[in-house]
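Trainee: make a model of this:
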Amino acid sequence: MKNIYEPEYVKQLFNQMSSSYERVNYITSFGFSIRWRKQFLNKLGKSAEKLNVLDIMSGLGENWVHLKTNFPNACFTVLDFSEQMIINSKLKANRVFGNNTEIMCANVLQSGLPDNNYDIVSCAFGLKTFNEEQFNLLAKEINRILKPGGKFTFVEVSTPDNKILSFFYSFYVGKVIPIFGKVFLGNPEDYKMLWIYTSNFKNSKKIKTIFESHGLNVNYSDYFFGCASGINGNKYK
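Mentor: Modelled structure (predicted):
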């Protein structure tokens, strides 16, 4: 039986979806993904200082315009381990950040990023493809690479606690989205996996506990009645 959390499997899945993933996020969230991005990134505040900002599991760069707006003078690093995501996002990175960016193709859990280097770490819709062991590794890495006092924010599609809403949302994402995948976007089996990951993930409450256990200050947030959830916080000074 395949291990759906094995990094090479996840990488292959996102390589295959790379040309359409931005549209899929928009469709699966009923268009709310754009609003959720603004909301979760706004938890970082804004600054005109020359900060080091890192966007991990960066996908097709959907966070970048908001990050550049909120931190106009920052030095940006973007990281994803999907080669096709990196290839398909390079033009956008150059357009948004100009020459003031470092683009890395690497696994965030084994990235070799420098210690105590980043003022800001952001991540949208990358948590669901991790299991509990990988969450612990991620929390350890975030604590390692953030400067003392540095901030982080994460958001992920989640399963609502409301049973009626959860039923319709699971039907939509699990059954309807793969049909869109077959007609417009590619292999429907790839998009069925998104619901499997989301269903297993449930919400970010466990992530909050894990990040706290690694010495981080963490807050939990729900978005749109629990259809998305996230954490944000900081490394203690």
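
Trainee: check which element follows the lowest-mean-pLDDT helix or strand in the chain along the chain.
Mentor: Least confident helix or strand of the chain, by mean pLDDT, DSSP states H and E, is helix 177-180 with a mean of 62. Next along the chain after helix 177-180, taking DSSP states H and E as the criterion, comes helix 188-201.

Trainee: let's see that next one as CSV, backbone CA atoms only.
Mentor: Extracted as CSV, the C-alpha positions of helix 188-201 are listed here (Å, rounded to 0.1, in the frame of the first residue of the first chain):
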residue,chain,number,x,y,z
PRO,A,188,-9.1,13.3,-11.6
GLU,A,189,-7.3,10.9,-9.3
ASP,A,190,-4.8,13.7,-8.4
TYR,A,191,-7.6,15.9,-7.2
LYS,A,192,-9.3,13.1,-5.2
MET,A,193,-6.1,13.0,-3.2
LEU,A,194,-6.6,16.6,-2.1
TRP,A,195,-9.7,15.6,-0.2
ILE,A,196,-8.0,12.5,1.3
TYR,A,197,-5.3,14.7,2.7
THR,A,198,-7.8,17.3,3.9
SER,A,199,-10.0,14.6,5.5
ASN,A,200,-7.0,13.2,7.4
PHE,A,201,-5.7,16.6,8.4
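
Trainee: can you list the buried residues in it?
Mentor: Asp190, Tyr191, Lys192, Met193, Leu194, Trp195, Tyr197, Thr198, Phe201 (16 or more other C-beta atoms under 10 Å). To be clear about C-beta, it is placed using only N, CA and C from the backbone, and glycine gets the same treatment.

Trainee: next: stretch 66-78.
Mentor: For stretch 66-78, by 16+ other C-beta under 10 Å, it's His66, Leu67, Lys68, Asn70, Phe71, Ala74, Cys75, Phe76, Thr77, Val78.

Trainee: could you pull out the strands for this structure?
Mentor: For the chain, the strands defined by DSSP state E occupy 52-56, 75-80, 101-105, 118-124, 146-157, 216-223, 228-235.

Trainee: name the residue closest to the centre of the chain, please.
Mentor: When C-alpha atoms, centre = their mean is applied to the chain, the residue found nearest the centroid is Ala124 (2.5 Å).

Trainee: isn't that residue up against Gly59?
Mentor: Yes: counting by C-beta atoms under 8 Å, Gly59 is a contact partner of Ala124 at 7.4 Å.

Trainee: pretty sure Val218 sits against Lys208.
Mentor: Yes: taking contacts as C-beta under 8 Å, Val218 lies within contact range of Lys208: 4.9 Å.
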